[in-house]
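Student: how would this look folded up:
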Amino acid sequence: MLDLIREYGLYFLIGQYPSGPLGGLAMTVVVAVLALLLSLPLGVLLGICQVSPYRFVRFPVRAVVSLVRATPLLMIIFWIYFLIPLLVGGAPGKFQTVLISLVIFEAMYISVIIRAGIQGLHKGQMETARSLGLSYTSAMMLVVMPQVMKNMLPSLVGEFVAIIKLTSLGYVVGLSDVTFVAEQINSQVITKPAEVYALLGLTYFLLCFGISRFAYWLQRRLSVGGGFARIK
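Tutor: Numbers count the residues shown, from 1 in each chain. Alright, predicted model coming up:
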């Protein structure tokens, strides 16, 4: 495996960059980070809509969230890849296809986390804010959501682990992520499939395990004294 790393390590990490397009592990991280950053505000909005006092907002959003969560991400990728050209006449790039699919898919799961956080917060928080003269929107944004985001932060960080693993599905449309690069390396080496895929599995493990430990550490920090108290 060491010989494999020495020969293909740079290609595994960044693909053909800078002489060609970015790929490999760097592409996986870029897609995952962008997907999280873009899906978070959409997920927060959808989460708030799911607890809206207005039924004409709450019910349709819950129906859409349930529908998307019941659909495999692979199917969403295919829909984006083949449906957008029919609607707008231009084919999306591989990067855009995977990113849009991940944003849509993950926003639904994040919305459920936000919804659970809002419903788990004592309703007296909202009632007190409203009694002080705040509107529903102001009370939600200034009183409820800061507490929800703090309580749900470990879960949201943990969701990043899921996004990293889901980026591997970009392989089906030819996105040059770390899985696609590993397959290319395997096709060149031919005689070392065990080493190639062991390296791929180890890479995913280190990424996901590291983020999971960070989420656990963050949860402990938040649980001590209700904030970022120092753990001794």
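Student: so what pLDDT did the spatially closest residue to Leu42 that is not a sequence neighbour get?
Tutor: In space, Leu42 comes closest to Ala107 once its chain neighbours are excluded; the distance is 4.0 Å by C-beta to C-beta, 6 or more residues apart in numbering. (Glycine included, C-beta is placed from N, CA and C.) You'll see Ala107 listed with a pLDDT of 94.
Student: and what of Gln184?
Tutor: 85.
Student: look up how far Glu7 lies from it.
Tutor: 13 Å (C-beta to C-beta, to the nearest Å).
Student: who has more neighbours, the two?
Tutor: Gln184 (18 against 13; other C-beta atoms under 10 Å).
Student: which stretch of helix or strand covers that one?
Tutor: helix 178-189 (DSSP states H and E).
Student: mind checking how far the next helix-or-strand element following that helix is from the chain centre?
Tutor: Per DSSP H and E, the first helix or strand lying C-terminal to helix 178-189 is helix 193-223. On the basis of C-alpha atoms, centre = their mean, to the nearest Å, helix 193-223 is displaced by 15 Å from the centre of the chain it belongs to.
Student: give me the helices and strands touching helix 193-223, please.
Tutor: The elements that helix 193-223 packs onto, with contact taken as 3 or more C-beta pairs under 8 Å, 6 or more residues apart in numbering; DSSP states H and E, are helix 2-14, helix 24-50, helix 145-166, helix 178-189.
Student: redo those helices as CSV? Include distance to Ser212.
Tutor: Formatted as CSV, the helices and strands packed on helix 193-223 follow (distance: least, C-beta to C-beta, whole Å):
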stretch, distance to Ser212
helix 2-14, 22
helix 24-50, 14
helix 145-166, 6
helix 178-189, 18
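Student: low-confidence ranges, this protein, go.
Tutor: Flagging of the chain using pLDDT under 70 yields the residue ranges 1, 3, 222-232.
Student: pretty sure Leu42 contacts Phe105?
Tutor: No - in this structure, Leu42 is not within contact of Phe105 by C-beta atoms under 8 Å, at 10.9 Å.
Student: so these two - more neighbours on which side?
Tutor: Using other C-beta under 10 Å as the criterion, Leu42 and Phe105 rank with Phe105 on top: 24 against 16.
Student: what's that one in contact with, if anything?
Tutor: Ser39, Val68, Leu73, Ile76, Leu166 (C-beta atoms under 8 Å, 6 or more residues apart in numbering).
Student: try 10 Å
Tutor: Going by C-beta atoms under 10 Å, 6 or more residues apart in numbering, Phe105 touches 35, 39, 68-69, 71-73, 75-77, 162-163, 166, 169.
Student: neighbour count and distance to Thr128 added to these, as a markdown table?
Tutor: Output for the contacts of Phe105, formatted as a markdown table (neighbours: other C-beta atoms under 10 Å; distance: C-beta to C-beta, whole Å):
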| residue | neighbour count | distance to Thr128 |
| --- | --- | --- |
| Ala35 | 25 | 36 |
| Ser39 | 24 | 31 |
| Val68 | 18 | 34 |
| Arg69 | 12 | 33 |
| Thr71 | 14 | 40 |
| Pro72 | 10 | 43 |
| Leu73 | 18 | 40 |
| Met75 | 11 | 44 |
| Ile76 | 19 | 41 |
| Ile77 | 23 | 45 |
| Ala162 | 18 | 35 |
| Ile163 | 22 | 36 |
| Leu166 | 20 | 40 |
| Leu169 | 20 | 45 |
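Student: which one of those residues is nearest to Arg220?
Tutor: Ala162 (21.1 Å; C-beta to C-beta).
Student: how close does that closest one get to Leu42?
Tutor: Taken as C-beta to C-beta, the span from Ala162 to Leu42 is 16 Å.
Student: can you give me the neighbour number for the closest residue in space to Gly120 that isn't next to it in sequence?
Tutor: Leaving out its chain neighbours, the residue that sits closest to Gly120 by C-beta to C-beta, 6+ apart is Asn151, at 7.3 Å. Residues within reach of Asn151, counting by other C-beta under 10 Å, total 19.
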